[in-house]
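**Q** Give me coordinates for this.
(2 chains)
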Amino acid sequence: MSRPDTKTRQPISTGSDWTFELIEAYDREIGRIAAEFGLDTYPNQIEIITSEQMMDAYSSVGMPLNYNHWSFGKQFVETEQNYSRGRMGLAYEIVINSNPCIAYLMEENTITMQALVIAHACYGHNSFFKGNYLFRTWTDASSIIDYLLFAKNYIRQCEEKHGVEEVEKLLDSCHALMNYGVNRYKRPRPLTAEQERERQRSREEYIQRHLNDLWNTTIPRHDDPSADQQPHFPPEPEENILYFIEKNAPLLEPWQREVVRIVRRVAQYFYPQKQTQVMNEGWACFWHYTLLHQLFDEGLVTEGFMMEFLHSHSSVVYQPPFDSPYFSGINPYTLGYNMMQDIRRICEQPTDEDREWFPDIAGSDWQQTLDNAMRNYKDESFILQFLSPRLMRELKLFSIMDDSNRPTLRVDAIHNESGYRALRESLSAQYNLGNREPNIQVYNVNIRGDRSLTLRHYMHNGQPLDDSADEVLKHLHRLWGFDVYLESVTPDGETVKTRACPPRELQVETSA
Amino acid sequence: MSYIIDRRENAKKKSTVNRQRFLRRYKQHIKKAVEEAIHDRSIRDIDQGGQVTIPKRDISEPVFHHGEGGLRHKIFPGNKEFVEGDEFRRPESGGGGGAGEGKASNQGEGEDDFTFNISQEEFLDFMFEDLELPWMVRKQLKDATSFETRRAGFTSSGSPEKLHIVRSLRAAHARRIALTDKETRQQIRALRKELWALEGAPASDERNDKVEALREQIRALEKGSRKLPFLDDFDLRYTNMVRVPLPSSKAVMFCVMDVSGSMTQSIKDIAKRFFILLYLFLNRNYKQIEVVFVRHHTHAKEVDEQEFFYSRETGGTIVSSALALSADIIDARYPPADWNIYIAQASDGDNWDGDSATCSKILTERILPKTQYYAYVEITTGPHQNLWHEYEHVHEAFQEQFAMQQITDAGEIYPVFRRLFEKRTEGAHEPS
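**A** As a prediction, this is how the structure comes out:
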């Protein structure tokens, strides 16, 4: 194809209806421009689906296949209800971090929307999945579909063998602890589905033997004086609660361990997405904007196309102010998109302020700088590194300090010279998963005694747990099989509150 | 390089299993909603599916998250007038989006109810769960009088037009093999082989002689078997046809209602709902249903649905007039051999004193022998009157076909309906 550099070229389409030929043509052009901008992507698999299928995909956490569980049914019923009432438009696209990268296009969309989705998902998200270090480390794009197929079949077999109800209870319990089924620091080894199947059998045997080792000295003796000095197990607190359950719960059957493992693996797969929402969406929005403008500059799309595109683009990246009835937190699309554009601006047209705040990147090559940011950061560090004073002014950010010991709320930083750093740090902390989710770890198992399991909640800024924790403990108790305790501990090591399942009468209540 | 795939024709309804599991899990809630719908909704839209509402806390999936309290900083956009150091009172709601602004929407523990729709099909399934049409099975097996002819293998006797040629010839062949001597057959076969070999050879006198000799030998050997008939009577096979009784899939439902002066509008309303339920119920079990509306005061009249439910007439009460009319209609239009006959009668229990005995006579002699089921509901809060007592005797005699129940208000319709039609495993039930 000859290099187009004049505006005299014919637009690819003028109407609003799409055809497969048109989608192909747009994909070819957008792909070409993306490559010119240096985007590195997995091959794309673009699938055209109906809105009904979109709802299906929506309600199985966006995966093309998943095991069966009532909670996905609930999600589906809710989605269906909202959609049919017109309360909610469906997402224009769903994109799956797999190789090839699967993107869904809804048949109801106009050709403009299809082109937007192709630019956004097939080149934006796709290159992010391939490039970002978290995705590279934690997920294996080539094996996820295989693994989900394995999981779905395995759970179906369990249902046949042990009954739907039994499996459902187990999954309920695992889902309650799903957020605590991830390794935050250890690198998992990617496995293909075949390896997974091969290993599954040997693992069953091994775990049972290993377990016996752990428990074979456990003859409960109430009068044993050494019971007080028994060693800690695990020796170090374990952050991955589901992993701990899978390996150590005394009463689980082998198939139950395998199911725990499946939930854990799925949780791990989604873990990077939770940590890069702002970046991922910002990156995709930035690129659909840039790519489609390039198409327009080359004369490949009409002005009508651009009007329609800009209309949906600006509604996606709109941030309602805090006092608007539509406000529901900071819009990750807005924040991410604006930060990406801002980085480009800092590179291309730096002001004195930018030179002072970002001496490294001011005036540098924007493509390299953005690429570097995309590859090596997550939301928390991305914001801490790249949020500029100018953008804070544009978004008119301010910080509220909410201390339950004080009767009033306090504005402790606004978008001014003295507030920039504090604002940036607070916003960054807001995206730190460690702050967002309570830090709860497996602390001890009473190996020689009643086999009770103790979790510790390491409190952050004195924030207590919500009462739903009691419900979660019930699930944990179901998995563990013996008594379960949860202690909330302040940084000085003081136990503020102990929850137990089954509930104990002698609760240690030394509320601060 | 991109692949574009059209998945629109792929399996839809991937979520059906999950949806069903969800419904199964919250069966109790849905049942309650269905029951409420039955007595709150207007009759005309009772079969429209329905909306089910479940309190959100009942279906929430618990996870660990932070509760209120402690120290936290939150960032908000769109500052207008605040400057550093401003203080103000905590808003009632607890101050905005929660701990994790970015994902707050998923975690919200709203007080809202979770509302969703179930289809008409599902609605009715829940409504009629565990119910079974009385005596339908019996009707299918015992009383069926229409037949269908179906093929059922082969027989050795039958009329000529049912003769099955292939089967007959096959039988003849088998017989001929069975009746000839095994050795002879082998000899013939050997000779034939020889003959074929010779026939292939170049022609000469010697060969011709040999061929002739072989032919002679074969003829001699075959002589015995030629005496066997090619086809014997014994070989004939006929297609066998059997008559299979067909259950009747037609039902007629008689709605009999008292419209005399003593029936108030609210009583009629309750009766209406009962009839609707019965109609929906039959609708699910029979392909074809006819409904006959018979209303009566001192004399009975067959009317259309509109008139039955909505026109007003007053007068005294002679129940037997309606029963006699129903019996006449059955005789004239609905032969019990073809129709499953159901009668539902609603009344407030009033009847002219001398009439009740007549009622019971018409019931036992003319109606009950022909009907599948007769349901009588008395809608009254007062004491039973003579009709009820008379019917109790009928119930004694026809325990399985004749059911009677009392309803006092609309909320009771469904329970009573269920009681009338509950699966009859524990035998006939007592009148309340």
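**Q** Nearest spatial neighbour of B:L231, chain-adjacent residues omitted?
**A** Nearest non-adjacent residue to B:L231, counting by CB to CB, 6 or more residues apart in numbering or on different chains: B:A172, 4.9 Å away. Where you see a C-beta, it was placed from the backbone N, CA and C, and this is true even at glycine.
**Q** The one you found reaches B:L228, doesn't it?
**A** No: contact between B:A172 and B:L228 fails when scored by CB atoms under 8 Å: they sit 9.4 Å apart.
**Q** and the residue of chain A found nearest chain B, helix, strand or coil?
**A** The minimum distance from chain A to chain B, using CB to the nearest CB, falls at A:P321 (2.4 Å). Under DSSP: H, G, I helix; E, B strand; the rest coil, A:P321 falls in the coil class.
**Q** The closest residue to it other than its chain neighbours: neighbouring residues, count only.
**A** Excluding the flanking residues, the one nearest A:P321 by CB to CB, 6+ apart is B:G78, at 2.4 Å. By other CB atoms under 10 Å in any protein chain shown, the residues close to B:G78 number 15.
**Q** quick one, which of B:A172 and B:L228 is more surrounded?
**A** Taking neighbours as other CB under 10 Å, B:A172 and B:L228 compare with B:A172 leading, 19 against 14.
**Q** check which helix or strand covers the more buried one.
**A** helix B:165-179 (DSSP states H and E).
**Q** Return the set of buried residues in that helix.
**A** Buried positions in helix B:165-179, judged by neighbour count with 16 or more other CB atoms under 10 Å in any protein chain shown: B:S168, B:A171, B:A172, B:R175, B:R176.
**Q** just stretch B:304-322 next, same as before
**A** Buried, per 16+ other CB under 10 Å, within stretch B:304-322: B:F308, B:F309, B:T317, B:I318, B:V319, B:S320, B:S321, B:A322.
**Q** where along chain B do the strands fall?
**A** Ranges of strands in chain B, per DSSP state E, are B:2-6, B:50-55, B:71-76, B:87-89, B:113-118, B:146-155, B:238-246, B:250-258, B:288-296, B:300-303, B:340-347, B:373-379, B:402-407.
**Q** which one of these lies closest to A:Q10?
**A** Closest of those to A:Q10 is strand B:2-6, at 21.7 Å (criterion: CB to CB).
**Q** what's the burial count for B:E302?
**A** 16.
**Q** for B:E400, that is, sorry about that
**A** Using other CB under 10 Å: B:E400 sits among 12 other residues.
**Q** what does A:I343 give?
**A** Neighbourhood size, A:I343 [other CB under 10 Å]: 25.
**Q** so what's it up against?
**A** Contacts of A:I343 were listed using CB atoms under 8 Å, 6 or more residues apart in numbering or on different chains, and they are A:I361, A:W366, A:T369, A:L370, A:A373, A:F386.
**Q** where does residue 376 land on pLDDT?
**A** I'll assume chain A. Note for A:N376: predicted pLDDT of 94.
**Q** look at chain B instead
**A** Confidence at B:Y376, expressed as pLDDT, is 88.
**Q** and what of A:F322?
**A** Here, the pLDDT recorded for A:F322 equals 88.
**Q** For it, which non-adjacent residue is closest in space?
**A** Going by CB to CB, 6+ apart, A:F322 has B:F76 as its nearest residue, at 3.8 Å.
**Q** One more: B:R8?
**A** Setting aside the residues directly before and after it, B:R8 is nearest to A:T50 in space (CB to CB, 6+ apart), at 5.3 Å.
**Q** isn't A:D402 right next to B:K74, touching?
**A** Yes: in this structure A:D402 lies within contact range of B:K74 using CB under 8 Å: 6.5 Å.
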